[in-house]
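Engineer: Pasted the sequence and its predicted model underneath.
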Amino acid sequence: MYKELKKFKVTNQFSFTTEDSLAEVCNASEGSGVFLVYSVGDEKELIMVGSTGTVQNDGTLKIKNGGLKDKIVEGHQFAKTGRKYSWPAQMKIEDINTIEVVWYETFNDKTKVIPTFVEGQVLQNFLDENGRLPKWNVAF
């Protein structure tokens with residue numbers, strides 16, 4: 001686990017296969033924060049980092065309805081369609097049986113860390129270690 005994630009207390013994870021409904025297995029909160037997606041096989045590989053929630057200049061949080069849960073399930077990736085459709089399709093293309101999603105609330109009543117800042121930290125550490133971004137992150 002990345003050290004910058006250890007301080008966040010509101011966190012959980014879930015597994016997803018191509019046979020599952022992402023909307024049903026996703027246990028992410030409606031809060032704001034980051035999520036890490038791992039391909040689980042012989043080895044566990046970080047394949048994506050994402051975030052949701054924008055901090056305004058007055059220090060308040062602007063969050064879309066549904067927060068992390070909605071971003072994970074309905075957010076667009078690989079096509080102009082929600083991940084509930086695009087993830088299973090991409091998993092089949094890449095022969096990935098299971099992914100694990102770990103999520104963290106980084107901005108709430110007790111903790112105030114900008115979600116994209118944490119996303120950037122994790123991606124920078126991954127880049128430093130691997131010389132590239134996770135394969136499902138197109139750019140940052």
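Structural biologist: Sure, I can see it.
Engineer: what sits up against the one helix or strand in the chain whose mean pLDDT sits lowest?
Structural biologist: Using mean pLDDT, DSSP states H and E, the weakest-scoring helix or strand in the chain turns out to be strand 61-62, at a mean of 86. Identification of contacts with strand 61-62 by CB atoms under 8 Å, 6 or more residues apart in numbering yields Ser32, Gly53, Thr54, Val55, Gln56, Phe107. Quick note: C-beta positions are derived from backbone N, CA and C, even for glycine.
Engineer: of these, buried ones?
Structural biologist: Those of the contacts of strand 61-62 that meet the buried threshold are Ser32, Gly53, Val55, Phe107, by 16 or more other CB atoms under 10 Å.
Engineer: Would you reformat these as JSON lines and include distance to Lys92?
Structural biologist: Below are the buried ones among the contacts of strand 61-62 laid out as JSON lines (distance: CB to CB, whole Å):
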{"residue": "Ser32", "distance to Lys92": "31"}
{"residue": "Gly53", "distance to Lys92": "31"}
{"residue": "Val55", "distance to Lys92": "37"}
{"residue": "Phe107", "distance to Lys92": "35"}
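Engineer: Let's verify Pro88: helix, strand, or coil?
Structural biologist: Per DSSP: H, G, I helix; E, B strand; the rest coil, the secondary structure class of Pro88 is helix.
Engineer: in terms of contact, does it touch Thr18 like I think?
Structural biologist: Yes. In this structure, Pro88 is within contact of Thr18 by CB atoms under 8 Å, at 4.4 Å.
Engineer: Common neighbours of those two, please.
Structural biologist: Counting by CB under 8 Å, 6+ apart, Pro88 and Thr18 have no contacts in common.
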